[in-house]
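1. here is a sequence together with a model predicted from it:
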Amino acid sequence: MQAIIEWIVEMVGAMGYTGIFIMMFLESSFFPFPSEVAMIPAGYLASKGEMNIWAAFLAGAGGSLAGALFNYILGHRLGRPFIVKYGKYLFLKPQTIEKVENFFAKYGPASTFWGRLLPGIRQYISLPAGIGKMPLAAFSIYTFLGAGIWCAVLLALGYLFGEHEERIKEVLHYILALIFVMIAAVFYYYRRKNRRVEKEFIRELEEEAKEG
């Protein structure tokens, strides 16, 4: 796999923004391609004035959305049985499909936003969204926003610490930890809120039943 990644990077590296779009498309679809390979070098080149950081951002976020739409269409058109049966040919293990399905079922459409920020979920959250026939407009908005945040983080790392690989790894580790904490806090808040709404709804029903 490493040899394949190196070949792809070499092939599209000279293609500028088109290369970024292609690599992020691959990363966001079924191919297990690391987004760091595309976006961090782009941020570094932007710091040297060799790339426009906004164009790099749009290429990265646009490629991510395109790859996510590819997976969405696969799930929407082919359905779960086909994905499970033939997913192994697209680097999709049954355990991975089950993992992202559970994530989507638990957190709903918003998981297509938060899932873009989570390693192991990011590439495949579009499949259950397609299988579940999530509205395309909502899916596209959530996906672009989540992918945009991730691309911005990687571009910023490349811009600030381009030549310091160890520093990038260290900062990225803390950023991912912070993202996990933020996501956990948001899900906890909504879970508590939903429970409160459910209790109020049940209480109203009980009161109506007593009055009846």
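-> Sure, I can see it.
2. and W150, what element?
-> helix 136-161 (DSSP states H and E).
3. over to K133?
-> Per DSSP H and E: nothing holds K133, as it lies in no helix or strand.
4. that one is in contact with G79, isn't it?
-> No. Counting by C-beta atoms under 8 Å, K133 does not reach G79; the two are 10.1 Å apart. Bear in mind the C-beta positions are built from the backbone N, C-alpha and C, glycine included.
5. returning to what we had before: check which helices and strands the helix holding W150 sits against.
-> helix 17-28, helix 36-47, helix 53-86, helix 111-114, helix 126-131, helix 165-211 (3 or more C-beta pairs under 8 Å, 6 or more residues apart in numbering; DSSP states H and E).
6. check which residues of stretch 73-83 are buried.
-> L74, G75, H76, R80, I83 (16 or more other C-beta atoms under 10 Å).
7. any chance of those in a markdown table, plus distance to A46 and pLDDT?
-> What follows is the buried residues of stretch 73-83, written out as a markdown table (distance: C-beta to C-beta, whole Å; pLDDT from 0 to 100):
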| residue | distance to A46 | pLDDT |
| --- | --- | --- |
| L74 | 33 | 88 |
| G75 | 34 | 86 |
| H76 | 36 | 86 |
| R80 | 41 | 78 |
| I83 | 37 | 78 |
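8. coming back round to it: lowest-confidence stretch among the helices and strands packed on helix 136-161?
-> Mean pLDDT per stretch puts helix 165-211 lowest among these, at a mean of 60.
9. gap between L45 and L26?
-> Noted for L45: a distance of 20 Å to L26, by C-beta to C-beta, to the nearest Å.
10. ok, the two, which is more surrounded?
-> L26 (23 against 18; other C-beta atoms under 10 Å).
11. now that one: closest residue in space that isn't a chain neighbour?
-> With sequence-adjacent residues excluded and distances taken as C-beta to C-beta, 6 or more residues apart in numbering, L26 is closest to F33, at 4.3 Å.
12. before we move on, what about G87?
-> Nearest to G87 is I97, by C-beta to C-beta, 6+ apart, at 6.0 Å.
13. got it, and R116?
-> When the adjacent residues along the chain are set aside, R116 lies closest to G146, with 2.9 Å between them (C-beta to C-beta, 6+ apart).
14. go ahead and confirm the one you found touches G115.
-> Yes. Using C-beta under 8 Å, G146 makes contact with G115 at a distance of 7.0 Å.
15. can you name the residues that contact the residue nearest to R116?
-> T112, F113, W114, G115, R116, L117 (C-beta atoms under 8 Å, 6 or more residues apart in numbering).
16. I'd like to know how far it sits from K85.
-> 29 Å.
17. A46 too?
-> 43 Å.
18. the more surrounded of those two?
-> Taking other C-beta under 10 Å, A46 and K85 do not tie; A46 has more neighbours (21 against 11).
19. find the nearest non-adjacent residue to that one, please.
-> The shortest distance from A46 to any non-neighbouring residue, by C-beta to C-beta, 6+ apart, is to I53 (3.9 Å).
20. who's in contact with the one you found?
-> Going by C-beta under 8 Å, 6+ apart, I53 touches A42, G43, A46, L155, Y159.
21. dump those to TSV, plus distance to G16.
-> Formatted as TSV, the contacts of I53 follow (distance: C-beta to C-beta, whole Å):
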residue	distance to G16
A42	9
G43	14
A46	12
L155	15
Y159	17
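22. that's all I had, so thanks and see you.
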